[in-house]
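After the sequence you'll find the predicted model.
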Amino acid sequence: QKEVEQDPGPLSVPEGAIVSLNCTYSNSAFQYFMWYRQYSRKGPELLMYTYSSGNKEDGRFTAQVDKSSKYISLFIRDSQPSDSATYLCATPAAGNFNKFYFGSGTKLNVKP
Amino acid sequence: DAGVIQSPRHEVTEMGQEVTLRCKPISGHDYLFWYRQTMMRGLELLIYFNNNVPIDDSGMPEDRFSAKMPNASFSTLKIQPSEPRDSAVYFCASSLGDGRTDTQYFGPGTRLTVL
């Protein structure tokens, strides 16, 4: 079993829709969770960073962690064509903040 | 700052040839990471350095892979001999400090095709 599992999509939505992207993780010791955005032919860039359970909001983006079910989510409100990218969830290994486990990524297409 | 610089951006080679990928981290960053991304396996950490010293190479797939960091501004990832299954996008990333407090910044990647 991979440390982080993610539905690869693709996910296609109309502009303005609310998008929900999800991951599950295997180890209950994981505490930090990140979402990266990767545009086509580019390297990933950090979008959001959360610790433990709960929600974190940044503009149109909300990251949510449910430790009881080992489930992490990223919500995008009022999605824009510029949000079209692949979104990867990630978590550092327990005890090693430099060793990240990444999900396989969900490709999102927001249609104008 | 120019960000993390990788070269070449694309590499096409034949099976059995030696391949060298290069990375220049962001100036002042103490950590350097090499990743591989494929459709099948996603983004995987191969090795990372702290202050030019390899810390964890448990992700290096085989002895055919080697990485060096001779100084703070340069690192190489070498594959010898290369095989078709090594075809992937290889990313280099750097961070100022430990991942607990500092973000990893990724380069644009090197797209490797082994025929």
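That came in fine, so what should we check first?

Give me the secondary structure label for whichever residue of chain A sits closest to chain B.
Residue nearest to chain B within chain A: A:G43 (3.0 Å; Cβ to the nearest Cβ). Where C-beta positions appear, they are placed from N, C-alpha and C, glycine not excepted. Classification of A:G43 by DSSP: H, G, I helix; E, B strand; the rest coil places it in coil.

Any idea how many residues pack against it?
For A:G43, the count of nearby residues is 23 (other Cβ atoms under 10 Å in any protein chain shown).

likewise the one 10 residues further on?
For A:S53, the count of nearby residues is 13 (other Cβ under 10 Å).

same question, the one 10 residues further on
Per other Cβ under 10 Å, the neighbour tally for A:A63 reads 22.

hang on, isn't it packed against A:Y51?
No - taking contacts as Cβ atoms under 8 Å, A:A63 lies outside contact range of A:Y51: 10.3 Å.

Between these two, which contacts overlap?
Counting by Cβ atoms under 8 Å, 6 or more residues apart in numbering or on different chains, the common neighbours of A:A63 and A:Y51 are A:F33.

What distance do you get for the nearest residue to B:P70 once chain neighbours are set aside to chain A?
The spatially closest residue to B:P70, leaving aside those adjacent along the chain, is B:N52, at 7.4 Å (Cβ to Cβ, 6 or more residues apart in numbering or on different chains). Going from B:N52 to chain A by Cβ to the nearest Cβ, to the nearest Å gives 15 Å.

Would you mind listing what in chain B touches chain A?
B:4, B:31, B:33, B:41-45, B:48, B:50, B:55-56, B:91, B:93, B:95, B:98-100, B:103-109 (Cβ under 8 Å from any Cβ of the partner chain).

Pull out the buried residues from these.
Neighbour counting by 16 or more other Cβ atoms under 10 Å in any protein chain shown classes B:4, B:31, B:33, B:42-45, B:48, B:50, B:55-56, B:91, B:93, B:95, B:99, B:104-109 among the residues of chain B next to chain A as buried.

strand partners of the helix or strand where A:K56 lies, parallel vs antiparallel please.
Of the helices and strands defined by DSSP states H and E, A:K56 is found in strand A:54-58. Sheet pairing of strand A:54-58 (DSSP bridges) gives strand A:61-66 (antiparallel).

Can you report how many residues neighbour B:S94?
27.

Verify the stated contact: it with B:Y105.
Yes - shown here, B:S94 and B:Y105 form a contact pair, counting by Cβ under 8 Å, at 5.9 Å.

Return every residue with contacts to both of those two.
Taking Cβ under 8 Å, 6+ apart as the criterion, B:S94 and B:Y105 both touch B:4, B:26, B:29.

export these to TSV and tack on secondary structure and pLDDT?
Converted to TSV, the shared contacts of B:S94 and B:Y105 look like this (DSSP: H, G, I helix; E, B strand; the rest coil; pLDDT from 0 to 100):
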residue	secondary structure	pLDDT
B:V4	coil	97
B:I26	coil	96
B:H29	coil	95
